[in-house]
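**Q** Quick one: sequence plus predicted model below, questions after.
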Amino acid sequence: MKRLFFISLSSLFIVGCSVLDTLPAPKTYGLTPVLIKKPSNKILPNLIQCIEPSLKEKYPAASLTLTMENLYEGKIPGADPDSPIATFDIFAKTGTFQGYVSLYQKEPVNPAITAIFTDCL
């Protein structure tokens, strides 16, 4: 009986750990991934503190929302609210502090949007 309990407990631990490292796929709205899908030298809170003010300054309607622990998702709305001009996610993998950024933009890619993120990496 003890053996069955420990096997069950072990399998729950393994499944739990693997789920923590799996982040949900970002909502890309059919947008094209651009050059940014890489780690930052900054820890997650510092990365957010860099990106958010620059983003809000140039695109006041942009959103940046904490959706899960260590995962922020955002978008820059276009003329149609259901068709953003850019979406992005900023996250830290479980057990690390280093921030990662993924940015997706509508074609043609706007270099000003890309610069907001690259300047903070």
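**A** Yep, it's here. Note that the structure is a prediction, hence the values are computed from the model and not measured. Numbers count the residues shown, from 1 in each chain.

**Q** who touches stretch 39-46?
**A** Stretch 39-46 is contacted from outside by 47, 50, 70, 90-92, 97-101, 120-121, using Cβ atoms under 8 Å, 6 or more residues apart in numbering. Just so you know, the C-beta spots here come from the backbone N, C-alpha and C atoms, and that holds for glycine as well.

**Q** just checking, next helix/strand downstream of the worst-scoring helix or strand of the chain on mean pLDDT?
**A** The helix or strand of the chain with the lowest confidence, counting by mean pLDDT, DSSP states H and E, is helix 2-20 at a mean of 43. Scanning forward in sequence from helix 2-20 by DSSP states H and E, the next helix or strand is strand 32-43.

**Q** tell me the angle the helix or strand following that next one makes with strand 32-43.
**A** Per DSSP H and E, strand 32-43 leads on to helix 44-58 as the next helix or strand towards the C-terminus. Relative orientation of helix 44-58 and strand 32-43, computed by axes from the mean of the first three to the mean of the last three Cα atoms, to 10 degrees: 130 degrees.
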